[in-house]
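> 3D model of this:
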Amino acid sequence: MSVQSAPADTTAPAGPTTKQSPATTALAGGATGADEPAATRGRTSIADVVVVKIAGVAAREIPGVHAMGGGLSRTIGAVRDRVPGGRSNVGRGVKVEVGERQTAIDLDLVVEYGVPIADLARDVRENVIDAVERITGLEVVEVNVTINDVHLPDDEDSAPETTSRVA
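Presented below is the predicted three-dimensional model:
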């Protein structure tokens, strides 16, 4: 996955010193000064986790996507979902690389049996790209979709039924 980005600006801004975390992307560098228009004063930064969550929600909106993530992350997620007060992780199965103006996204999916995978992957790509570009303003250069598993109708997470030999 490659994202083209401009070199990072190493000059310190005038005024108070701000520290930007490595997982945050500056979307727009603003100007400073009272003579600048209000809309351009300051800077907008988008954390990688924001792109992860947007892409995760957008991918799950497509009919035929049963779950996201690899086997281990789905198992851990299932345990987390059952814990009282635990929240599901919308970013499970999503990896992003974010540059200054562009992002690339990798998705790991489990699809429902019978859904045409090529059509599903196309629909997921379109929805993810639309959501990320619309909400963040970043250009999505690629969305790589990996199908890890197929959910069969009889693959329920319930425990198998046992019959008792004693009445």
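
> could you point out which element follows the least confident helix or strand in the chain by mean pLDDT?
Ranking every helix and strand in the chain by mean pLDDT, DSSP states H and E puts helix 71-82 at the bottom, with a mean of 54. Next helix or strand after helix 71-82 toward the C-terminus (DSSP states H and E): strand 94-98.

> neighbouring strands - and their directions - for the next helix or strand after that next one?
For strand 94-98, the following helix or strand on the C-terminal side (DSSP H and E) is strand 102-112. Strand 102-112 has the following sheet partners, assigned by DSSP bridges: strand 65-68 (antiparallel), strand 94-98 (antiparallel), strand 139-151 (parallel).

> nearest to Val50, out of those?
Nearest of the strands paired with strand 102-112 to Val50, taken as C-beta to C-beta: strand 94-98 at 9.0 Å. Placement of C-beta: from N, CA and C, glycine included.

> for that closest one, give the mean pLDDT please.
Taken as a whole, strand 94-98 has a mean pLDDT of 95.

> what residues of it count as buried?
Residues 94, 96-98 are the ones in strand 94-98 that count as buried (16 or more other C-beta atoms under 10 Å).

> which elements pack onto the helix or strand harbouring Ile46?
Using DSSP H and E, Ile46 sits within strand 44-47. The elements that strand 44-47 packs onto, with contact taken as 3 or more C-beta pairs under 8 Å, 6 or more residues apart in numbering; DSSP states H and E, are strand 24-28.

> and stretch 130-143, what's buried?
Buried residues in stretch 130-143 (16+ other C-beta under 10 Å): 131-132, 136, 138, 140-141, 143.
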